[in-house]
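K.L.:
What follows is a protein structure lacking sequence information:
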Ligand SMILES: Cc1ncc(C[n+]2csc(CCOP(=O)(O)OP(=O)(O)O)c2C)c(N)n1
């Protein structure tokens with residue numbers, strides 16, 4: 001059946017440049033609403049950075065300050081039935097998809113009211129009700145899962161698409177090849193959005209990739225591949241919208257390379273200065289800041305400055321409320337740590353008994369397991 005589908009595919013379906021032209025955005029982007037989302041994400045992450053440095057947030061914390069247009073533009077192109085999977089740099093995705101700032105901040109704090117019940121932390125945000133099937137901490141780990149989610153959608157006869165975000169570092173993992181190959185062979189409705197911020201930790205794209213123009217790699221899988229300016233929220237939205245429509249309607253998988261930049265280090269623990277110059281960062285901050293670019297466009301379109309001030313004020317209020325909420329949310333108790341990890345509750349129970357301070361020690365649990373075997 002897959003063969004028949006491939007044969008009946010029109011010639012234009014194989015020409016990447018024809019895709020955007022053939023599909024004008026279904027719903028034009030509301031730029032003011034996009035700026036609201038971007039501002040919330042920026043202020044939220046600045047606050048997360050402060051809270052991390054105060055040790056209120058544990059584990060890892062990867063900020064995407066500078067990448068807000070890429071995130072908001074892509075997520076705004078999703079429809080309610082679509083699914084979203086991302087890498088670990090994921091706070092903005094949850095917020096843009098509609099998860100409350102409270103639930104995201106509580107997750108960063110590791111609290112019960114977090115969107116993953118405090119078990120996931122910054123890298124593993126989750127909101128299945130909104131089709132957000134996770135931030136994933138293993139580089140490229142989300143790709144095969146996204147392809148599987150798209151296959152499940154097809155099997156159920158749903159008219160949906162999957163947006164799978166990944167970093168430029170993920171395109172050299174085996175999972176990239178497996179996931180894109182199967183997506184193409186089975187014609188699955190998944191758009192792989194590569195957020196190319198120039199670096200995988202401290203390694204540049206050129207150092208890691210034989211073909212650094214990542215969208216061109218789509219040709220190896222005979223799927224469309226496009227590159228877009230990731231600092232321009234309208235451009236990202238238009239490109240993502242076209243490819244997602246095409247995924248939903250024609251089951252056409254695609255690669256969208258979104259050119260962006262992270263203004264902070266790889267994680268809060270990385271100063272981000274060892275492998276790039278201050279001038280480079282300054283250049284992006286002063287000339288290519290996505291919030292400033294959207295603000296300029298809105299002012300040019302006649303939106304009053306007062307209205308833009310209100311956007312920043314309201315976002316700050318939401319962030320402050322999120323911190324207060326997270327602070328007041330209870331800590332999960334240690335003996336429930338394995339909940340949601342194992343499908344079998346008995347395994348969770350055994351795990352709980354191994355927790356520090358638990359009445360039964362590891363040796364006893366092992367003995368019980370051996371007896372049961
Ligand atoms: C399989 C695997 N190898 C290594 C790591 C450690 N690691 C975490 S992030 C990262 C760099 C990924 O860079 P990229 O995909 O470009 O994403 P970005 O950080 O730029 O958003 C690495 C090597 C990991 N999490 N998973």
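P.N.:
Yes, it's here. Being a predicted model, the structure only gives us computed values, none of them experimental.
K.L.:
touching the ligand at all, the helix or strand where residue 146 lies?
P.N.:
Assessed by DSSP states H and E, residue 146 sits inside helix 142-155. No - using Cβ under 6 Å from any ligand atom, helix 142-155 stays clear of the ligand, with a minimum separation of 10.7 Å. Where C-beta positions appear, they are placed from N, C-alpha and C, glycine not excepted.
K.L.:
and that helix, which residues are buried?
P.N.:
142-151, 153-154 (16 or more other Cβ atoms under 10 Å).
K.L.:
Ok, stretch 47-66 next?
P.N.:
So, applying 16+ other Cβ under 10 Å, buried residues of stretch 47-66: 47-49, 51-52, 56-57, 61-66.
K.L.:
how about the residues of the stretch 51-200 of the chain near the ligand?
P.N.:
87, 89, 137-139, 167-170, 197, 199-200.
K.L.:
Residue of the stretch 201-350 of the chain nearest the ligand, please.
P.N.:
Closest to the ligand within the stretch 201-350 of the chain is residue 201: 4.5 Å, counting by Cβ to the nearest ligand atom.
K.L.:
can you tell me how far that residue sits from residue 39?
P.N.:
28 Å (Cβ to Cβ, to the nearest Å).
K.L.:
higher neighbour count, these two?
P.N.:
Legend: neighbour count by other Cβ atoms under 10 Å for residue 201 and residue 39, higher for residue 39 (24 against 13).
K.L.:
okay but that one is in contact with residue 317, surely?
P.N.:
No - under the criterion of Cβ atoms under 8 Å, residue 39 is not in contact with residue 317, lying 11.6 Å apart.
K.L.:
Just the element for residue 165, please.
P.N.:
strand 162-167.
K.L.:
Then residue 331?
P.N.:
Counting by DSSP H and E, residue 331 is part of no helix or strand.
K.L.:
Spit out the contact partners of it.
P.N.:
With contact taken as Cβ atoms under 8 Å, 6 or more residues apart in numbering, residue 331 is in contact with 110-112, 118.
K.L.:
quick one, strands of this structure?
P.N.:
83-86, 132-135, 162-167, 190-196, 199-200, 203-204, 225-229, 254-259 (DSSP state E).
K.L.:
TSV for those, including mean pLDDT, mean neighbour count and distance to residue 297?
P.N.:
Listed next are the strands of the chain as TSV, based on pLDDT from 0 to 100; neighbours: other Cβ atoms under 10 Å; distance: least, Cβ to Cβ, whole Å:
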stretch	mean pLDDT	mean neighbour count	distance to residue 297
strand 83-86	98	28	26
strand 132-135	98	24	28
strand 162-167	98	27	24
strand 190-196	98	29	22
strand 199-200	98	20	28
strand 203-204	97	14	30
strand 225-229	98	20	13
strand 254-259	98	27	18
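K.L.:
For residue 308, find the nearest of those.
P.N.:
Of all the strands of the chain, it is strand 225-229 that lies closest to residue 308, at 22.0 Å by Cβ to Cβ.
K.L.:
outside of the closest one, which residues touch it?
P.N.:
16, 19-20, 213-219, 235-236, 239, 243, 254-259.
K.L.:
ok, of those, which come out buried?
P.N.:
Using 16+ other Cβ under 10 Å, the buried ones in the contacts of strand 225-229 are 16, 19-20, 214-215, 217-218, 235-236, 239, 243, 254-259.
K.L.:
show me the contacts for the residue lying closest to residue 171 once chain neighbours are set aside.
P.N.:
What sits nearest to residue 171 in space, not counting adjacent residues and going by Cβ to Cβ, 6 or more residues apart in numbering, is residue 214, at 5.5 Å. Taking Cβ under 8 Å, 6+ apart, we find residue 214 in contact with 168, 171, 194, 196, 205, 225, 227, 255, 257.
K.L.:
Tell me the bridge partners for the residue of the chain found nearest the ligand.
P.N.:
Closest approach of the chain to the ligand (Cβ to the nearest ligand atom) occurs at residue 167, with a separation of 2.1 Å. Beta-bridge partners of residue 167, counted by DSSP bridges, are residue 195.
K.L.:
for it, what are its contacts?
P.N.:
So residue 167 contacts 87, 89, 139, 194-197, 200 (Cβ under 8 Å, 6+ apart).
K.L.:
Just the closest of those to residue 278, please.
P.N.:
residue 197 (17.0 Å).
K.L.:
Was I right to think that closest one contacts residue 67?
P.N.:
Yes - using Cβ under 8 Å, residue 197 is in contact with residue 67, at 6.4 Å.
K.L.:
Next, show the common contact partners of those two.
P.N.:
With Cβ under 8 Å, 6+ apart, residue 197 and residue 67 have common neighbours 260-262.
K.L.:
any chance of those residues in TSV, plus pLDDT, distance to residue 285 and neighbour count?
P.N.:
Formatted as TSV, the shared contacts of residue 197 and residue 67 follow (pLDDT from 0 to 100; distance: Cβ to Cβ, whole Å; neighbours: other Cβ atoms under 10 Å):
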residue	pLDDT	distance to residue 285	neighbour count
260	98	13	25
261	98	9	24
262	98	11	21
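K.L.:
before we move on, the earlier item: ok, which pair from the buried residues of stretch 47-66 is furthest apart?
P.N.:
Pairwise across the buried residues of stretch 47-66, and taking Cβ to Cβ, the largest span is found between 56 and 66, at 23.3 Å.
K.L.:
show me what contacts residue 137?
P.N.:
Taking Cβ under 8 Å, 6+ apart, one finds 60, 88, 123-124 in contact with residue 137.
K.L.:
and what of residue 291?
P.N.:
Residue 291 touches 35, 38-39, 42, 68-69, counting by Cβ under 8 Å, 6+ apart.
K.L.:
Farthest pair within those?
P.N.:
39 and 69 (11.6 Å).
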